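Student: model this:
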Amino acid sequence: MAREISWVGRSLKDFQEFPETARRRMARALQQAAQGETADIAKPMKGLGAGVFEIALRYRTDAYRLVYAVLVGPDLYVLHAFQKKSKTGVKTPRQDTDLIRERLHRLKEHLR
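Tutor: Below is the predicted model:
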């Protein structure tokens with residue numbers, strides 16, 4: 001049975017601003033995750049604990065990211081969606097990592 005997909009903060013609004021093709025590809029990866037599978041464009045996100053994954057997609061000359069958690073509650077929770085503009089290579093910018101950490105913390109508190 002598939003998990004519900006729940007969006008935390010403004011992650012849905014940010015996701016809806018992605019180009020349509022990127023949104024469709026990432027939505028398929030999210031559906032796979034909701035079914036308990038891992039898409040080929042998803043990988044565990046380091047430093048945030050077990051069950052937090054990042055979907056990474058290059059589209060044209062841009063890079064899009066979507067971070068979700070699966071081990072926090074009954075749903076699949078999308079914590080953050082953003083266009084990566086960092087000049088630091090593949091590393092996620094600190095402000096995005098801090099936002100993900102904060103949303104994950106608030107979600108865990110809310111679900112207690």
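
Student: If you count contacts, what does the top helix by length along the chain end up packed against?
Tutor: Secondary structure of the chain per DSSP state H: the longest helix is helix 94-111. In this structure, helix 94-111 makes packing contacts with strand 62-69, strand 76-84, judged by 3 or more Cβ pairs under 8 Å, 6 or more residues apart in numbering; DSSP states H and E. (C-beta placed from N, C-alpha, C; glycine too.)

Student: Can you add mean pLDDT, distance to Ile41 and mean neighbour count and give these back as a markdown table?
Tutor: Conversion of these to a markdown table gives the following (pLDDT from 0 to 100; distance: least, Cβ to Cβ, whole Å; neighbours: other Cβ atoms under 10 Å):
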| stretch | mean pLDDT | distance to Ile41 | mean neighbour count |
| --- | --- | --- | --- |
| strand 62-69 | 94 | 9 | 22 |
| strand 76-84 | 95 | 14 | 22 |
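
Student: could I get those as a markdown table with distance to Met1?
Tutor: Listed next are those as a markdown table, based on distance: least, Cβ to Cβ, whole Å:
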| stretch | distance to Met1 |
| --- | --- |
| strand 62-69 | 18 |
| strand 76-84 | 12 |
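
Student: Flag every buried residue along the longest helix of the chain.
Tutor: Asp96, Thr97, Leu99, Ile100, Arg101, Arg103, Leu104, Leu107 (16 or more other Cβ atoms under 10 Å).

Student: re the thing from before, and the helices and strands packed on helix 94-111: which comes nearest Gly9?
Tutor: strand 76-84 (7.5 Å; Cβ to Cβ).
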